[in-house]
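>>> Structure for the following, please:
(2 chains)
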Amino acid sequence: MKPSGNKLLLFIFLLIFMGGMFFINLVSGSVFIPFRDVLSVLSGAKSAVPDAYWTIVREFRLNQATTALLSGAGLAVAGLLMQTVFRNPLADPSILGISSGASLGVALLLWVTTAAGGQALLHYGFWGSVGISLAASFGAFSVLFIILFVSRRIGSMTSILIIGLMISYIGGALTGLIKYYSNKDDIYTFVLWGMGSFSNVGSSMIPYLIVVVFLALLSAILLIKPLNLLLLGERYAFALGTNVQRNQWFALLIGGFLTAIITAFSGPIAFIGLAVPHLARNLFRTSDHRILMPAVIIIGASLALLCNWIARLPGFDGSLPINAITSLIGAPMVIWIIVSRKNLYRENV
Amino acid sequence: MIQIKELLIGYQAPKGVKIPLLPPINLNLEKGMVCGLIGANGAGKTTLLRTVTGYIKPFGGTILLNGKSMASLSNAQRAKYISVVLTDRIEDPFLQVGHIVSMGRHPYTGFMGKLQVNDEMIVQEAMELVGISHLQSNRMTTLSDGERQKVMIAKALAQNTPLIILDEPAAFLDYPSRIELMLLLKKLAYEKEKTILLSSHDLEILMRNADQLWLIARGKPAVEGLPEQLILDGRLNTYFGSADLFISHDFDDTKQMNLSGTVFVESDKKSGFWIKNALSKRGFVLSQNPESFIHINYQNNAYVIKNKNEVVCSTGSLAKLLEELSKILP
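Modelled structure (predicted):
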């Protein structure tokens, strides 16, 4: 099925919206920088603008917008993969317990540094934030490896779903225990990390993030055909010649990897992975992954940029926690989708 | 088309203990036949079908497809031999009929599943043959059970496999839809030379429409045969409990007859019903006139065929009888 005229228009509109959101993220912020100067910075004319503008746009806003774009796209794809593989509309990137693994990693690091170094991580500055990313990656990837290992032995996706949920609970419980014995500064750092932020990735890390997320998205495209077949159920997909278990495993790998890497850098970002696939299905009125895959990338990126922009709107003191914004926007969106789709579901009964 | 040799099927209990459901199975199915698989609940119908479709591995034995061992086929190769119609419901609220049928082309398309002109034509033909062309842009979830079934049959046709396996296709259908389904399956077998294997509880419909039956029951060797043969020699009863309960012999069998008919059957009423059933399925025209061209006398499990009062042959098997008749009346 080729995208029909309407769908193509919708794609173009969404692309323009995404570009617009990206640009708005560069233009707006607590410091007012004239539109013309932002353009100069982007075109590389360093001498034409004050040094401060250059630094703010290049070092902060551009990095932040890029991180938001990649995180949004990556989480949305991870959500789509999970929803299709588990055949569950409530599945999202956190379902495998990866985010909870990342949280546990961060909590552990905070606790260990305070216990061993006698000083809260808060006071380690730059190395502190690198340490948090590393700890989050370590936690996230540990859980991912456990899930991937277990799923090779257990074929049933329902069992893996339950195991993922249980790992989430264990991670959450351990994190809670650690927090109970932590000091005020560490808890503050942890809470801040848990609220998510797109401003943790420095210029030196951005190129790596771009390459890694890009490669993962590219691999997800290879899964489009088997994902479509999985819509018919595992047995039909098998009879049509797909290696069901291998493709499911590959989808868990890519989805889990995206979640782990993004959570490590931006913290556990809620709702984008859950809401965006629903939004894409409803906008394009299809479950065909040939359309959904590009759609969730664009919508996910746009939504993350929108949330980042709202979080930094002038008038708010500094920037608001991203998770509050994604949830406040994402949750009503899912409710709206379910309510507007009520008729579709009723026909099933 | 299918040869099953010494096949052991069953399920895996905890700790890797293999529990076989049936003694080693030996069954065959010829090309272009409609074959019904019957057995009581729990006898292993679904397990056997899933094994034959490759979804579960047998504990032992071989399945040959056109002489090739199924175990040696890759997923993609197997998908060009066997297509399936299952009871699994498709609940995705956005999937459209046309898209589902086009997924049947999966074994033949590239990595994005893009359809070539040829594929498009096959998909359209499949939908036409099944009679769902007008539904192609409808969503699957808006269709009735009968229509959903046809969509999955069209998908199987688009897959273009010599063998189509259907698991309980009549399960959710009302009576008229069941008849329609069987007529469609027969059409596919006779016109498109598809080999059709279906499991069902509906003995009556299978008796009237299937060319062959596979019978399974707990602890007994699986048997195959002409449906009427299995009734006449009493095996159906021993495998299926009391088969008579499920089949009415009361319907008017004179409807099967014709004044210009050429074959007269002389026998007791019940056996005669089944012999006539077998004959008319093969297209022999039955007659009410004992003076007809061909006269068949059935007594003590033996058939005597007379051609214009001359004995042609006598035989003990219905299959042989049909074979002889088709020599006389091509």
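
>>> buried stuff in stretch B:77-88?
For stretch B:77-88, the neighbour count (16 or more other Cβ atoms under 10 Å in any protein chain shown) marks B:78, B:79, B:80, B:81, B:82, B:83, B:84, B:85, B:86 as buried. Where you see a C-beta, it was placed from the backbone N, CA and C, and this is true even at glycine.

>>> Could I have the CA atoms of it written out in CSV?
What follows is stretch B:77-88, C-alpha atoms only, in CSV (Å, rounded to 0.1, in the frame of the first residue of the first chain):
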residue,chain,number,x,y,z
GLN,B,77,10.1,-22.6,1.5
ARG,B,78,7.5,-24.2,3.7
ALA,B,79,5.3,-21.1,3.3
LYS,B,80,5.2,-21.8,-0.4
TYR,B,81,3.8,-25.3,0.3
ILE,B,82,1.3,-24.8,3.1
SER,B,83,-1.1,-22.0,3.9
VAL,B,84,-3.3,-22.0,6.9
VAL,B,85,-6.7,-20.7,8.1
LEU,B,86,-6.9,-20.7,11.9
THR,B,87,-9.5,-19.9,14.5
ASP,B,88,-7.2,-17.0,15.9
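
>>> Please convert the buried residues of stretch B:77-88 to CSV, extending it with distance to chain A, secondary structure and pLDDT.
Formatted as CSV, the buried residues of stretch B:77-88 follow (distance: Cβ to the nearest Cβ, whole Å; DSSP: H, G, I helix; E, B strand; the rest coil; pLDDT from 0 to 100):
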residue, distance to chain A, secondary structure, pLDDT
B:78, 7, helix, 94
B:79, 3, coil, 95
B:80, 8, coil, 94
B:81, 10, coil, 94
B:82, 7, strand, 95
B:83, 6, strand, 96
B:84, 4, strand, 96
B:85, 9, strand, 95
B:86, 6, coil, 94
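
>>> farthest pair in those?
B:80 and B:86 (18.5 Å; Cβ to Cβ).

>>> Low-confidence stretches in the chain?
Just so you know, I chose chain A. For chain A, the stretches with pLDDT under 70 are A:1-4, A:117-126, A:316-318, A:341-349.

>>> not what I meant, chain B
Applying pLDDT under 70 to chain B flags residues B:241-261, B:330.

>>> Spatially, what comes nearest to the most centrally placed residue in it if we skip its sequence neighbours?
What sits nearest the mean C-alpha location of chain B, by Cα atoms, centre = their mean, is residue B:35, with 2.6 Å. Using Cβ to Cβ, 6 or more residues apart in numbering or on different chains and skipping the chain neighbours, the partner closest in space to residue B:35 is residue B:212 (4.4 Å).

>>> which SS state does the residue of the stretch 151-300 of chain A found nearest chain B fall under?
Of all residues in the stretch 151-300 of chain A, residue A:241 sits closest to chain B, at 3.0 Å by Cβ to the nearest Cβ. Judged by DSSP: H, G, I helix; E, B strand; the rest coil, the three-state class of residue A:241 is coil.

>>> Check the gap between it and residue B:79 for me.
3 Å (Cβ to Cβ, to the nearest Å).

>>> ok, now residue A:223?
Counting by Cβ to Cβ, the separation of residue A:223 from residue B:79 is 18 Å.

>>> do the same with residue B:144
Note on residue B:144: its distance to residue B:79, by Cβ to Cβ, is 28 Å.

>>> quick check: longest helix of the chain.
You didn't pick a chain, so chain A it is. Ordering each helix of chain A by length in residues (DSSP state H) puts helix A:126-153 first.

>>> The chain in question should be chain B.
Longest helix in chain B, counting residues (DSSP H): helix B:175-191.

>>> So which elements touch whichever helix or strand comes after that one?
Going down the chain from helix B:175-191, the next helix or strand is strand B:195-199, by DSSP states H and E. If contacts are counted by 3 or more Cβ pairs under 8 Å, 6 or more residues apart in numbering or on different chains; DSSP states H and E, strand B:195-199 sits against strand B:34-38, helix B:45-52, strand B:163-166, helix B:175-191.
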